[in-house]
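K.L.:
attaching a predicted model along with its sequence, questions to come.
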Amino acid sequence: MYTHYSLSFIEISVLLVCAFLLGVFIIVVITGRRTYKRMVDESPIGSVTKELKELKIRYQNEIEYRDREIHILKSKF
């Protein structure tokens, strides 16, 4: 009913090395993504993208405001 698992020293070593390599890979990927985002934000294209996002948000806010005004005017009539 109970199973007994036994691992040799070599198997344990291989598992630890794989775990270490996986951890290093994850750290490198996360650091690389942060560096890439920072480079994009600092580049001229990144600043243009940021400005476009701000304009889009401002435009959406204006549309919502005008929709509310239209709704209020329609409810008055």
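P.N.:
Nice, I can see it. Residues are numbered from 1 along each chain as shown.
K.L.:
from here on, just use CA atoms for contacts and neighbour counts.
P.N.:
Will do.
K.L.:
geometric centre of the protein: which residue is closest?
P.N.:
Nearest residue to the geometric centre of the chain (C-alpha atoms, centre = their mean): residue 33, 9.0 Å.
K.L.:
and the helix or strand containing that one, what does it pack against?
P.N.:
Residue 33 is part of helix 9-42 when elements are defined by DSSP states H and E. Contact analysis of helix 9-42 by 3 or more C-alpha pairs under 8 Å, 6 or more residues apart in numbering; DSSP states H and E lists helix 44-76 as its packing neighbours.
K.L.:
so if we follow the domain assignment, how does this structure break up?
P.N.:
According to automatic domain parsing, the chain comprises the domains 7-42, 44-77.
K.L.:
let's have those domains in a markdown table, adding mean pLDDT.
P.N.:
Shown next, in a markdown table, are the domains of the chain (pLDDT from 0 to 100):
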| stretch | mean pLDDT |
| --- | --- |
| domain 7-42 | 90 |
| domain 44-77 | 87 |
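K.L.:
now do the SS call for residue 2.
P.N.:
Judged by DSSP: H, G, I helix; E, B strand; the rest coil, the three-state class of residue 2 is coil.
K.L.:
count of neighbours near residue 9?
P.N.:
When counting by other C-alpha atoms under 10 Å, one arrives at 9 neighbours for residue 9.
K.L.:
same check, this time on residue 32
P.N.:
Using other C-alpha under 10 Å, residue 32 is surrounded by 12 other residues.
K.L.:
distance check, it against residue 26.
P.N.:
Using C-alpha to C-alpha, to the nearest Å, one gets 10 Å for the distance from residue 32 to residue 26.
K.L.:
try residue 12
P.N.:
In this structure, residue 12 lies at 21 Å from residue 26, with C-alpha to C-alpha as the measure.
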